[in-house]
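A.B. asks: using only what follows, build the 3D model:
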Amino acid sequence: MMLANIPLQGDNYSRAWEKLRSRFDDKKLIINTHLDVLHSLKQVQKESARSLDYLRSTANNALEALKALAVGAEKWDIFLVHLISKKLHSSPHSELLATKSDDCKAVFP
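C.D. replies: Below you'll find the predicted structure:
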């Protein structure tokens, strides 16, 4: 273990904290991990509130983390709609794709 030989008290706390930061504070790796979460979202196999909520909450968690890392994900609407609509069960996905373009102006300006 990384900190097994360092007593976590007094002056050692700063040393232990710095060891942890040097090992785990890799912004590029953290951003890539959250992007991987978005890309690896599982296809919704059946229409259910539980599976849709899982898709929504997993995507939201990754996006909130990216925002917290100052990645600027606010302008990714068109990309996210495309990515997440591909994960929907075929019926809602087909309905979304069949929607008239005039009805999608809020999503696709």
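
A.B. asks: what about the residue nearest to Lys27 when sequence neighbours are not counted, how many residues nearby?
C.D. replies: Closest residue to Lys27 apart from its sequence neighbours, by Cβ to Cβ, 6 or more residues apart in numbering: Leu69 at 6.4 Å. (Each C-beta comes from the backbone N, C-alpha and C, glycine too.) Residues lying near Leu69 (other Cβ atoms under 10 Å) number 14.

A.B. asks: contacts only, for Leu69.
C.D. replies: 27, 30-31, 34 (Cβ atoms under 8 Å, 6 or more residues apart in numbering).

A.B. asks: in helices, which of those residues fall?
C.D. replies: Using DSSP state H, 27, 30-31, 34 are the members of the contacts of Leu69 that sit in helices.

A.B. asks: hmm, Asn60 and Val37 touching each other?
C.D. replies: No - if you go by Cβ atoms under 8 Å, Val37 and Asn60 don't touch, sitting 10.8 Å apart.

A.B. asks: which residue ranges of this protein form helices?
C.D. replies: 12-24, 27-39, 49-68, 77-85, 90-98.

A.B. asks: buried stuff in stretch 31-44?
C.D. replies: Across stretch 31-44, burial judged by 16 or more other Cβ atoms under 10 Å covers 34, 37-38, 41, 44.

A.B. asks: now the residues you listed as TSV including pLDDT?
C.D. replies: Formatted as TSV, the buried residues of stretch 31-44 follow (pLDDT from 0 to 100):
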residue	pLDDT
His34	92
Val37	94
Leu38	92
Leu41	91
Val44	84
